[in-house]
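# for reference, the sequence and a predicted model appear below.
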Amino acid sequence: MPTETRVVSFSNAEVIDSLVDYCEKTNRELPQSGIKRLAFSNDSEIKVTAEFDGGAPPMRFYENEVAVALILFCNKKGIPVARRAIKSLQIGQDTISLHLAIRT
């Protein structure tokens, strides 16, 4: 059975935008100073840590939260994401990618 795959890669700025939108939609409060930097890790699962200006404590976003944020971002930008696709994340050099696989 063939499998169709797509990879959608996101820049740091796009990930920041997606996380800010995700926090607004889920009523998760972000510091007013804005996100200064993102740190990506992939220990047992993918995590994104947002660091803020002004000394606010960093916030962690776990793999499922990041995936939802990126899918919402795709929806907002008109990038198609099939509901039945198997979705996974991969971290690259200062980028994160959403992998979509559909068995046809």
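Good, I have the coordinates. Treat the numbers as computed from the prediction; the structure is a model and nothing was measured.
# model confidence score at Thr5, please.
If you check Thr5, the pLDDT there is 94.
# what is the burial count for Ser88?
13 (other CB atoms under 10 Å). All C-beta spots, glycine's among them, are computed from the backbone N, C-alpha and C.
# my bad, Tyr22
20.
# and the helices in this structure, which stretches?
12-25, 63-77 (DSSP state H).
# which residues touch the helix or strand bottoming out on mean pLDDT in the chain?
Scoring the helices and strands of the chain by mean pLDDT, DSSP states H and E places strand 35-42 at the bottom, with a mean of 90. In this structure, residues lying in contact with strand 35-42 by CB atoms under 8 Å, 6 or more residues apart in numbering are 12, 15-16, 19-20, 46-53, 58, 91, 94, 96.
# let's see it at 7 Å
Outside strand 35-42, the residues within contact range by CB atoms under 7 Å, 6 or more residues apart in numbering are 12, 15-16, 47-53, 91, 96.
# and if you look at stretch 8-18?
Against stretch 8-18 from outside (CB under 7 Å, 6+ apart): 35, 38, 48, 69-70, 72-74, 79, 94-98.
# now the helices of the chain in a markdown table, with distance to Thr104?
Compiled in a markdown table, the helices of the chain are given as follows (distance: least, CB to CB, whole Å):
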| stretch | distance to Thr104 |
| --- | --- |
| helix 12-25 | 28 |
| helix 63-77 | 21 |
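# among those helices, which comes closest to Arg6?
Among the helices of the chain, the nearest to Arg6 by CB to CB is helix 63-77 (10.7 Å).
# starting at the chain centroid, how far to that closest one?
Remark: helix 63-77 is offset 6 Å from the chain centroid, using CA atoms, centre = their mean, to the nearest Å.
# give me the contact list for that helix.
So helix 63-77 is contacted by 8, 10, 14, 17-19, 21-22, 25, 45-46, 48, 81, 87, 89, 98 (CB under 7 Å, 6+ apart).
# quick one, that helix and helix 12-25 angle?
100 degrees (axes from the mean of the first three to the mean of the last three CA atoms, to 10 degrees).
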